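In: A structural model of the following input is requested.
(2 chains)
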Amino acid sequence: MTILTRRGILAAGAALGLARPSIVRADDRPAVTVAVQKISNTNTLEPLREQSNVGERVFHTSLWEGLIGRNYQGALESVPVLATAWRRIDERTVEFTLRQGVKFHDGETMTAEDVAFSFGAERMFGPEGAKPEAQGRTLFTAETNPGRAGKDLPPEVPAVARRMLPSLEKVEIVDKYTVRFVNRTPDVVLEGRLSRLGTEVISRRAFEAAGSWLEWSRRPVTTGPYKVKEFRADSMLILEPHEAYWGGRPPLRELRFVEVSEVSSRINGLLSGQYTFATDLPPDQIAGIEKNPAFEVRGSTILNHRLTVFDKNHPQLANPLVRRAFTHAIDRTAIVEALWGGRTVVPKGLQWDFYGPMQHADWTVPKFDPTEARRLLKEAGYKGDPIPYRLLNNYYTNQVSTAQVLVKMWKAVGLNVQIEMKENWQQIFDRNSPRAVRDWSNSAAFNDPVSSLVNQHGPNGQQQQVGEWTNEEMNRLSVELENSTDLARRRVVFRRLLEICEREDPAYTVLHQNATFTAKRRDTRWKDAPAFAMDFRAHNWGG
Amino acid sequence: MPPTDRTPVSTGKGRRDMIRFIAIRLLRSLLTIALVVTFAFVVLRLSGDPAMLIMSVDAPPEAIAAFRRSWGLDEPLWTQYLKYFGAILHGDLGRSMRDGRDAIVLVAERIPATLALTIPALLIKLGIGIPAGVHAALHRDSWSDRLVMLAAVAGFTVPSFVLGLLLVLIFAVQLGWLPSGGQESWRHAILPVITLGVGGAAVLARFTRSATLEVLGQLYIRTASAKGLSWGRVVRSHALPNAAIPTVTIVGFMVGSLIAGAVVVESVFSWPGVGRLLVVAVANRDLAVVQCILLLVAATMVTANLIVDLLYGFLDPRLRSARSAGAG
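Out: Numbers count the residues shown, from 1 in each chain, chains lettered A, B, ... in the order given. Take a look at the predicted model:
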């Protein structure tokens, strides 16, 4: 028989009192599992190394935040994130007012010190810093492989940083919550550059406390609404809520990204209730999933266009008339309807709506006009000589089927294009045999044509770097577009660049905008963004 | 049991012969491993650029160049090979180009996950395949023989990814009894283990049946029966030991593939084992990791074969005496 004593009753009461807060704190928020094809290509969570679309999905907006972000529930326009305001001091300088009360995952308060450190030598530019003499160099004196050498940056990190911010001179701390970004040259798109992947802010103290760069890159301390709980490379990333998040209490108890390489496995996991979201779905799977009325596939266009790219060194493509014939022979709408179920669009050339005042809304891709294509080929004197088309096996969604359609369309106007299957990009770029046509996609890292047209086809862009194409006027105007601060003049220059690259001396032709598709239960109240990013902040969950 | 020369191996000469036999096998094994490593090195280096695969084709050219330089990928192939081979001889298997960690650490982290599938699957293969094969042989042309062989042919011919997806559709999607993938609990292992086990059990059943049937047709089986031994004793003492040799060969292969024998199944079930690591590493030309896995697989296979060879001698004294004669 149990005898109740006064001491025993008091002890029991005290125990109940102690237990009560844990009952109050019981977390009834949902846990979400997102099945993705890939979490990170580089096995790191550091955007300066993981500059990929898959990285953007995990990083934005759950983990990493910068001074300026994008409105993922709108048209990707710039929105204040860790900065509340910014203003131009002069053509080379932008001043940012920092948001106050922002806490890092380790509880430290974000200040101007952290912002300056985030764009400094230790974290971004390496020992040579952002000095002018370091610009344009591809190799660095402090080259080390990541992982063993403490905090030394992997050499590709400074290389990425210098490409992102090619003329950044310094970041000045004005006061605890004000910083100034100073460029060496006038740069009208500096604000845009500071909204792109790779320009996020880190905790200086946490970076310095980490044992090595590798250790840091797998558990970064940032300001995002979720923090890293566990990262198993190639397998799983588990995020937990950052309760002191400046933007309000995160709506999820746990956010889990699991790597499921097979499409069918992602779909099966969703249908069986194991996953909340199945991402990276090819368009041909949509109808099958939506047969079940409980599920829907959300998807939209992203900041990425699919292109056909030309090598004008090929004897048959040296004449721009032949390349122009290629561009007029393509029925892009038919491709979008047949292979994408009409779920994407044919864009207005290599530009996006979020370019805002820089966008040329009246610009179009070359018109589908087989008669004109035949006329151009006749004028060029093309005799039906074979033109190789180097193709990867579905590196891009629908890549092979698109290529087969394209070859038929080109054949219809008299172009003798022959597909050569290749295994990897090295073989695509190989110069030991004639190159002519290949596939590519271009993204816009920020809201200006410098981010895409200049960055990818200009003098330092990939197409010119691999020796496929060059144009003296294009190169001269690219420099002007980067340095000019006159909006009207920049618009004129951009239009001329479009004319050169897409009409007069085609470097490429745009096929369609890319899209990404994500399946979920219909009763999951969440809205997809027009980007790879998945927004799991409070305003986009359960509303 | 057929008559044999019962030369004891415990004599000095027998022991020396055995040591010599094992030494030759080991040397041959090392040569095999060296050839595997060399072949993998050349093929991987020539078939893709890790910089472009890991950094992505859209990375700035400066970043790709820096990556190549930092990992020595811009050096001549033979220089890279000599450095790599030299490092192996010093016990350094290199580091992953994706995250900078030691390849051996990455691989070692994945081995328990793979063994968590392959060992239970091996037990299923042995526990079902061998008894089923023996049963079918002992009941040749009966309905149970035909049933076993029908199941074996089905298990043998259905690819593991088809069987895996079928099991997922039934037990995860339709019935909701088991998870469709991942590695969070023992329940997640059930479907991949069954998928792996079924195919192997079918193979083993077929081999065991044919090996047992062959032995049952031998004269010494008839002699043993004629001596008045019970059929059970004849089977246990004379048929099964002799039928074990071809079966042991197959089991040896199965043991040898414990480390990397679940590539497809791990992909279908998103199981983070060595197989998945191999697929990802090959796709990214993460050379050190691929070579580390191949080295491990080759070593496992060679070791398993060596053990099988030794088992032959244990199971069949004729082979042992033949080796002694050959060595002498």
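In: Look up phi and psi at the residue of the stretch 1-150 of chain B found nearest chain A.
Out: For the stretch 1-150 of chain B, the residue closest to chain A is B:G100, as judged by Cβ to the nearest Cβ, at 2.5 Å. For every residue, glycine as well, the C-beta is placed using N, CA and C. Backbone geometry at B:G100, expressed as degrees, to the nearest 10, gives phi 80, psi 0.
In: Which residues of the stretch 201-350 of chain A lie near chain B?
Out: A:214, A:217-218, A:232-236, A:258-262, A:264-265, A:268-269, A:271-274 (Cβ under 8 Å from any Cβ of the partner chain).
In: got the contact list for B:A116?
Out: By Cβ atoms under 8 Å, 6 or more residues apart in numbering or on different chains, the residues touching B:A116 are B:189, B:273.
In: for stretch A:152-170, the distance to its chain's centre please.
Out: 17 Å (Cα atoms, centre = their mean, to the nearest Å).
In: got the end-to-end distance for it?
Out: One end of stretch A:152-170 sits 20 Å from the other (Cα to Cα, to the nearest Å).
In: same question, stretch A:325-334
Out: End-to-end for stretch A:325-334, by Cα to Cα: 18 Å.
In: Flag every buried residue along it.
Out: Neighbour-count burial for stretch A:325-334 flags A:325-332 (criterion: 16 or more other Cβ atoms under 10 Å in any protein chain shown).
In: Narrow the residues of the stretch 201-350 of chain A next to chain B to those in helices?
Out: A:214, A:217-218, A:264-265, A:268-269, A:271 (DSSP state H).
In: Not counting its neighbours along the chain, what's nearest A:P320?
Out: Setting aside the residues directly before and after it, A:P320 is nearest to A:D505 in space (Cβ to Cβ, 6 or more residues apart in numbering or on different chains), at 4.9 Å.
In: Next, count neighbours for the one you found.
Out: When neighbours are defined as other Cβ atoms under 10 Å in any protein chain shown, A:D505 has 18 of them.
In: And for A:S261?
Out: Neighbours of A:S261 using other Cβ under 10 Å come to 21.
In: From chain B, how far out is the closest residue to A:Y245 other than its chain neighbours?
Out: Nearest non-adjacent residue to A:Y245, counting by Cβ to Cβ, 6+ apart: A:P225, 4.4 Å away. From A:P225 across to chain B, the span is 24 Å (Cβ to the nearest Cβ, to the nearest Å).
In: Of all the residues in stretch A:69-85, which ones are buried?
Out: Applying 16+ other Cβ under 10 Å to stretch A:69-85 flags A:69-70, A:72, A:76, A:78, A:81-83 as buried.
In: Let's see which of these end up in helices.
Out: Those of those lying in helices (DSSP H): none at all.
In: can you redo the residues you listed as CSV with distance to chain B and pLDDT?
Out: Conversion of the buried residues of stretch A:69-85 to CSV gives the following (distance: Cβ to the nearest Cβ, whole Å; pLDDT from 0 to 100):
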residue, distance to chain B, pLDDT
A:G69, 21, 95
A:R70, 19, 93
A:Y72, 21, 92
A:L76, 19, 89
A:S78, 22, 91
A:V81, 24, 97
A:L82, 25, 98
A:A83, 26, 98
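In: Any stretches of chain A with poor pLDDT?
Out: Along chain A, the parts satisfying pLDDT under 70 run over A:1-25, A:128-150.
In: Low-confidence regions, the stretch 201-328 of chain B specifically.
Out: B:317-328.
In: Close to chain A: what parts of it are there?
Out: So far as Cβ under 8 Å from any Cβ goes, the stretch 201-328 of chain B lies against chain A at B:267-270, B:272, B:276-277, B:279-280, B:284.
In: Tell me which two of these sit farthest apart.
Out: B:F269 and B:N284 (21.2 Å; Cβ to Cβ).
In: So for the two, which residue has more residues nearby?
Out: The neighbour comparison of B:F269 against B:N284 (other Cβ under 10 Å) goes to B:F269, with 32 against 21.
In: In helices, which of the buried residues of stretch A:325-334 fall?
Out: Mapping the buried residues of stretch A:325-334 onto helices (DSSP H) picks out A:325-328, A:332.
In: Looking at those, which is nearest B:L216?
Out: A:R332 (70.3 Å).
In: just checking, the closest one touches A:K367?
Out: No - in this structure A:R332 lies outside contact range of A:K367 using Cβ atoms under 8 Å: 9.9 Å.
In: can you redo the ones in helices among the residues of the stretch 201-350 of chain A next to chain B as a markdown table with neighbour count and distance to B:I221?
Out: Converted to a markdown table, these look like this (neighbours: other Cβ atoms under 10 Å in any protein chain shown; distance: Cβ to Cβ, whole Å):
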| residue | neighbour count | distance to B:I221 |
| --- | --- | --- |
| A:L214 | 22 | 64 |
| A:S217 | 27 | 67 |
| A:R218 | 22 | 63 |
| A:S264 | 16 | 50 |
| A:S265 | 26 | 49 |
| A:N268 | 23 | 50 |
| A:G269 | 27 | 53 |
| A:L271 | 24 | 55 |
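In: What is the nearest of those residues to B:A260?
Out: Using Cβ to Cβ, those come closest to B:A260 at A:S265, 20.0 Å.
In: how many other residues sit next to the closest residue to that closest one other than its chain neighbours?
Out: Counting by Cβ to Cβ, 6+ apart, A:S265 lies nearest to B:G181, which is 5.2 Å off, once chain neighbours are set aside. Residues lying near B:G181 (other Cβ under 10 Å) number 29.
In: show me the contacts for B:G181.
Out: A:260, A:265, A:268-269, A:274, B:168, B:188, B:268-271.
In: cool, and A:T402?
Out: Contacts of A:T402 by Cβ under 8 Å, 6+ apart are A:306, A:335, A:339, A:396, A:439, A:511.
In: ok, and for the helix or strand that contains it, which residues are buried?
Out: Using DSSP states H and E, A:T402 sits within helix A:399-412. Residues A:399-400, A:402-403, A:405-407, A:409-410 are the ones in helix A:399-412 that count as buried (16+ other Cβ under 10 Å).
In: One more: stretch B:39-56?
Out: B:40-41, B:44-45, B:48-56.
In: List just the nearest of the residues you listed to B:A151.
Out: B:A40 (37.2 Å).
In: Now, the contacts of A:T402 that are in helices?
Out: A:335, A:339.
In: Of the contacts of A:T402, which is the most crowded?
Out: Neighbours here mean other Cβ under 10 Å. Within the contacts of A:T402, the largest count is held by A:L511, at 24 neighbours.
In: so that one makes contact with A:V309?
Out: No - counting by Cβ under 8 Å, A:L511 stays clear of A:V309, with 10.7 Å between them.
In: Identify the residue nearest residue 119 in space, chain neighbours excluded?
Out: This is for chain A. That would be A:V171: by Cβ to Cβ, 6+ apart, it lies 4.8 Å from A:F119.
In: Hmm, no, I was thinking of chain B.
Out: Nearest non-adjacent residue to B:I119 (Cβ to Cβ, 6+ apart): B:L258, at 6.9 Å.
In: so the one you found makes contact with B:P112?
Out: No - B:L258 lies out of contact with B:P112 (Cβ under 8 Å); the separation is 11.8 Å.
In: Please identify which of these two sits among more neighbours.
Out: Set B:L258 next to B:P112 and count neighbours by other Cβ under 10 Å: B:L258 wins out with 21 against 10.
In: What's the local residue count around residue 267?
Out: As the question left the chain open, I've gone with chain A. 22.
In: not what I meant, chain B
Out: Neighbour tally, B:S267, other Cβ under 10 Å: 22.
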